[in-house]
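> quick check, what structure comes out for this input:
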Amino acid sequence: MTASEANRTEAVVPKDGAAAKAIFNDGKAHDALRTIGEVTKALGIRQHVLRYWEEQFPALQPIKRSGNRRYYRPEDVALIADIDRLVNREGYTLRGAGMALGQKAVGEAAMPLERSEDAAPAADAVFADLRRIRNRLALALAAD
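Residues are numbered from 1 along each chain as shown. Got it, this is the predicted structure:
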């Protein structure tokens, strides 16, 4: 396991103020603001990726000070960890991660994310098919 993978495994972040405490061991208060360098190092994410995610996820809005320097609140860190988990571990697209987090993607019309009663059985069948495909792929990869 590489150092960045080790950092990522530690990045299971609770939603409350203990998020920073769970990730950062730098002597700062758990609710202290963190720089982009501190966040990316702790979560194993590249800085340019995090800046791109800020464009794609409207809820991710760090505090910006002079010189456009970013400071992330504990709730920002928790959101980043959720996005990282969805995109890099669970295989979601950025749009799918946004939908899973209950956000609309930038540039999309606001649409409710509810399923109609008629679509529920069809969607359940599709999800069951996708699970079977995922399991077959996992078995095929494990055999190699």
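
> how far away is the residue positioned nearest the centre of the chain from residue 64?
By C-alpha atoms, centre = their mean, the chain has its centre lying nearest to residue 83, at 0.8 Å. For residue 83, the distance to residue 64 (C-beta to C-beta, to the nearest Å) stands at 19 Å. Bear in mind the C-beta positions are built from the backbone N, C-alpha and C, glycine included.

> same question, residue 122
For residue 122 relative to residue 64 (C-beta to C-beta), the value is 44 Å.

> next: residue 132.
Distance from residue 132 to residue 64, by C-beta to C-beta: 46 Å.

> with residue 130 instead?
39 Å.

> also residue 99?
27 Å.

> between these two, which has more neighbouring residues?
Between residue 99 and residue 64, counting by other C-beta atoms under 10 Å, residue 99 is the more crowded of the two (17 against 11).

> and for residue 80, the neighbour number?
Residue 80 has 26 nearby residues by other C-beta under 10 Å.

> just residue 76 next, same as before
Neighbours around residue 76, by other C-beta under 10 Å: 22.

> per-residue pLDDT, it?
According to the per-residue confidence, residue 76 scores 92 in pLDDT.

> coming back round to it: got a list of what the residue nearest to the centre of the chain touches?
For residue 83, the contact set (C-beta atoms under 8 Å, 6 or more residues apart in numbering) comprises 53, 57, 60, 97, 101.

> so the last one makes contact with residue 57?
Yes - with contact taken as C-beta atoms under 8 Å, residue 101 and residue 57 are classed as touching, separated by 7.5 Å.

> between the two, which contacts overlap?
In contact with both residue 101 and residue 57: 79, 83, using C-beta under 8 Å, 6+ apart.

> next, count neighbours for the residue found closest to residue 33 once you drop the neighbours it is linked to in the chain.
Counting by C-beta to C-beta, 6 or more residues apart in numbering, residue 71 is the residue found nearest to residue 33 once chain neighbours are left out, at 3.9 Å. Using other C-beta under 10 Å, residue 71 has 16 neighbouring residues.
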